[in-house]
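# structure for the following, please:
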Amino acid sequence: MSGAEPPGAAEERWTPNLCYFLGFLTLISMFNYMDRSLLGLVLPLIKEDLQLSDTALGLISGLAFVLFYSTLGIPIASLADRSNRRNIVAIGFAAWSLMTAVSGSVVNGWQMAVARFLMGAGEAAGLAPSQSMIADRFSTSRRPLALSIFTAAFALDALIFLPLAAWGADTLGWRTVFHISGGIGVALALIFFLTVKEPVRGAADRGASQERVPMLAALRILSRSRAYVLLMVGVSFTGGALYASGTWTTTFLTRVHGLSITEVGAVVGPARGVLGLIGILGAGYLANSLGKRDPRWRLWVPALSCLLFVPGQIMMLLSDTRWVWIAGLGITGLFTTAYQGPVYAAIVTLAAPRMRAVAISVLVLFTGLAGQVCGPLIVGVLNDALNATLGDQAIRYSLLVVAACELFAAIAFYAASQVASKAPAANAEAAEA
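A predicted model of the protein is given here:
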């Protein structure tokens, strides 16, 4: 059974069916963020329980997860461009949820690393096929907002799931939180499979090539797009910032400002979640409305959000004045993921319908390699290297890496905006492939 919807154009109304479709994919993405960020949330507890160094924790949280997540993403995305994406998302969701549950039973660093490897393999089936499905239900002009809602999962996770996880870690233990999250995810994966249909491919892109594009041909076409390459560079830097921050911010707040994990999860997490939600939806709205006047605004908005993140990160890290570092924490929460909706909307518009999942997965690969590997690991190594002279204060300076990444991302997104008008060439070239 394919579970595909009948042929038709993209819907122009927010029907209950469309809201359920986008809402469920967003919920799955929330669990995606939840399951990978659990490790960062309870890192101090795992460090004490398993007796691991910061460098080892950086490797486990970054390299162990990203090797499968990034490298399997492209072949899985190529399969998604040729087959039923609903089924791929459901299977991947169930797989990574199972590995989340397994993570709660490990007894040493090696076992945690293996669980993270396999979790990454499951999560590789989530992002690219989901965004490809959304692109087929929303027209080009509506994609920035739709994909901003989808990427709001990051903020909703911080607002809803992480406070519950923090409370659970303090009251029930970190292992129980992994077990509960994984079990719920497996159940939801089955519900998704039974209730969500596969969208008609290319329904929102009349005139675009519907020919299947071999994986290598798709990679060749995408590599020739200057706008796509610049977006790849920008997203790689934001990945470094996102994953380094996600892994080490809780540790920073506990070491430097003396907050407990419960305070981070119950107060800081929800506050950043609300601000993140405002930033994500606001950026999507601005890119959508301003982009009608000048298409370059669709990438100027994410460039500006990355640029504004930098002073906030510096305020948070280097100030001991309470209102200053709290304000900095708020600024970073507002702009951490604001770029995602407009950037991913630009990516799926650049690529032909049968290349979209591959286009996104290549970006995920570079985000993973440069972001999840380098980001958490570099901060962990710097923490250990500076610890002899700075002690717990070392993390202040290690996390300046995050500000540098956001600055370089802003430059890359601005450069991409200058050449994005040439983007439709990818669709034409796909027709010839």
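
# where does the stretch 1-150 of the chain have low pLDDT?
For the stretch 1-150 of the chain, applying pLDDT under 70 flags the ranges 1-12, 61-64, 66-67.

# the same query, at a cut-off of 80, please.
Applying pLDDT under 80 to the stretch 1-150 of the chain flags residues 1-14, 36-37, 40-41, 43-44, 48, 51-73, 139-142.

# Provide a list of residues in contact with residue 315.
By CB atoms under 8 Å, 6 or more residues apart in numbering, the contact set of residue 315 is 324-325, 327-328, 331. C-beta: built from backbone N, CA, C; applies to glycine.

# how about the helix or strand containing it as PDB, C-alpha atoms only?
Taking DSSP states H and E as the criterion, the element that holds residue 315 is helix 297-318. Extracted C-alpha coordinates of helix 297-318, given in PDB (Å, rounded to 0.1, in the frame of the first residue of the first chain):
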ATOM      1  CA  TRP A 297      15.200  39.200   1.400                       C
ATOM      2  CA  ARG A 298      14.500  35.500   1.700                       C
ATOM      3  CA  LEU A 299      18.200  35.100   2.500                       C
ATOM      4  CA  TRP A 300      19.000  38.600   3.900                       C
ATOM      5  CA  VAL A 301      16.700  37.700   6.800                       C
ATOM      6  CA  PRO A 302      18.700  34.600   7.900                       C
ATOM      7  CA  ALA A 303      21.900  36.500   7.300                       C
ATOM      8  CA  LEU A 304      20.800  39.300   9.600                       C
ATOM      9  CA  SER A 305      19.600  36.800  12.300                       C
ATOM     10  CA  CYS A 306      23.000  35.100  12.400                       C
ATOM     11  CA  LEU A 307      24.700  38.500  12.600                       C
ATOM     12  CA  LEU A 308      22.500  39.600  15.500                       C
ATOM     13  CA  PHE A 309      23.300  36.400  17.400                       C
ATOM     14  CA  VAL A 310      27.000  37.300  17.800                       C
ATOM     15  CA  PRO A 311      26.800  40.200  20.300                       C
ATOM     16  CA  GLY A 312      24.300  38.200  22.300                       C
ATOM     17  CA  GLN A 313      26.700  35.200  22.600                       C
ATOM     18  CA  ILE A 314      29.500  37.500  23.700                       C
ATOM     19  CA  MET A 315      27.300  39.200  26.300                       C
ATOM     20  CA  MET A 316      26.200  35.800  27.700                       C
ATOM     21  CA  LEU A 317      29.700  34.400  27.900                       C
ATOM     22  CA  LEU A 318      31.900  37.300  29.100                       C
END
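
# can you tell me which helices and strands the next helix or strand after it packs against?
Note on helix 297-318: by DSSP H and E, the next helix or strand toward the C-terminus is helix 322-335. Contacts defined by 3 or more CB pairs under 8 Å, 6 or more residues apart in numbering; DSSP states H and E place helix 322-335 against helix 269-290, helix 297-318.

# out of the ones you listed, deepest packed?
Stretch with highest mean neighbour count among the helices and strands packed on helix 322-335: helix 297-318 (a mean of 23; mean count of other CB atoms under 10 Å).

# so how far is it from its chain's centroid?
Centre-to-centre, helix 297-318 and its host chain are 17 Å apart (CA atoms, centre = their mean, to the nearest Å).

# try stretch 109-116
Remark: stretch 109-116 is offset 22 Å from the chain centroid, using CA atoms, centre = their mean.

# what lies in contact with that stretch?
Identification of contacts with stretch 109-116 by CB under 8 Å, 6+ apart yields 39, 46, 50, 52, 56, 59-61, 64-65, 99, 102-103, 106.

# on that earlier part again, I'd like to know which of the contacts of residue 315 are buried.
Among these, those classed as buried by neighbour count (16 or more other CB atoms under 10 Å) are 325, 327-328, 331.

# which of those residues lies closest to residue 242?
Of all these, residue 242 sits closest to residue 331, with 15.3 Å by CB to CB.

# what's the pLDDT at that closest one?
Residue 331 carries a pLDDT value of 94.

# who's in contact with it?
The contact partners of residue 331, taken as CB under 8 Å, 6+ apart, are 308-309, 311-313, 315-316.

# again, but for residue 288
Residue 288 makes contacts with 141-142, 144-145, as judged by CB under 8 Å, 6+ apart.

# now with 10 Å, please.
Residue 288 makes contact with 141-146, 148, 297-298, 301, 341-342, 345, according to CB atoms under 10 Å, 6 or more residues apart in numbering.

# I'd like the buried ones among the contacts of residue 315 laid out as TSV, including distance to residue 337.
TSV is the format used below for those (distance: CB to CB, whole Å):
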residue	distance to residue 337
325	21
327	19
328	17
331	13
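
# ok, so of these, who is nearest residue 285?
Residue 285 lies nearest to residue 331 out of these, by CB to CB, at 19.2 Å.

# how many other residues sit next to residue 50?
Neighbourhood size, residue 50 [other CB atoms under 10 Å]: 17.

# how near is the residue nearest to residue 328 when sequence neighbours are not counted to residue 416?
Spatial nearest neighbour of residue 328, excluding adjacent residues (CB to CB, 6 or more residues apart in numbering): residue 315 at 2.9 Å. Shown here: residue 315 relative to residue 416, a distance of 28 Å by CB to CB, to the nearest Å.

# likewise residue 53?
To residue 416, residue 53 is 39 Å away according to CB to CB.

# again, but for residue 131
Distance, residue 131 to residue 416, by CB to CB: 18 Å.

# more crowded one of those two?
A side-by-side neighbour count of residue 131 and residue 416, using other CB under 10 Å, places residue 416 first with 30 against 27.
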